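# build me a model from this:
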Amino acid sequence: MKKIFTLLLSFLPLCLFSNGVGIIDAGENLYLELEQSIIEVEVENQVAVVKATQTFTNPHDSIVKAKYAFPLPEGA
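As a prediction, the model looks like this:
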């Protein structure tokens, strides 16, 4: 049980940095709003597979093109 708890705690930093950003125009501070973020982690034979599903909302009145950025912590 202690190993499982330690393993779950080791993925906590991943969850803190797991949100992508929908960028419309960074210079004008225009971004898509992150509505939902679901992170799934499966560990099998010491290999972790992490799946991130994110839903963004366009708060603007028109269709926009956006870039997706996935920021990583320093030193990653």
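
# going by C-alpha atoms from here, please, whenever you check contacts or count neighbours.
Noted.

# what ranges of the protein fall below the confidence cut-off?
1-18 (pLDDT under 70).

# the strands in it, which residues?
Using DSSP state E, the strands of the chain run over residues 21-25, 30-31, 33-44, 47-57, 67-69.

# beta partners for residue 57?
Counting by DSSP bridges, residue 57 is bridged to residue 33.

# could you measure from it over to residue 65?
Residue 57 sits 13 Å away from residue 65, going by C-alpha to C-alpha, to the nearest Å.

# which of these two has more neighbours?
With neighbours defined as other C-alpha atoms under 10 Å, residue 57 and residue 65 compare such that residue 57 has more, 12 against 9.

# would you turn the strands of the chain into CSV with distance to residue 76?
Below are the strands of the chain laid out as CSV (distance: least, C-alpha to C-alpha, whole Å):
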stretch, distance to residue 76
strand 21-25, 18
strand 30-31, 24
strand 33-44, 18
strand 47-57, 16
strand 67-69, 15
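
# nearest to residue 75, out of those?
Nearest of the strands of the chain to residue 75, taken as C-alpha to C-alpha: strand 67-69 at 17.0 Å.

# the closest one packs against which elements?
Applying 3 or more C-alpha pairs under 8 Å, 6 or more residues apart in numbering; DSSP states H and E, we find strand 67-69 packed against strand 21-25.

# by contact count, what packs against the strand it packs on?
Counting contacts by 3+ C-alpha pairs under 8 Å, 6+ apart, strand 21-25 packs against strand 30-31, strand 33-44, strand 67-69.

# most tightly packed of those strands?
Across the helices and strands packed on strand 21-25, averaging neighbours per residue (mean count of other C-alpha atoms under 10 Å) puts strand 30-31 on top, at a mean of 17.

# and the spatially closest residue to residue 54 that is not a sequence neighbour, what does it touch?
In space, and not counting its chain neighbours, residue 54 is closest to residue 37: 4.5 Å by C-alpha to C-alpha, 6 or more residues apart in numbering. By C-alpha atoms under 8 Å, 6 or more residues apart in numbering, the residues touching residue 37 are 19, 52-55.
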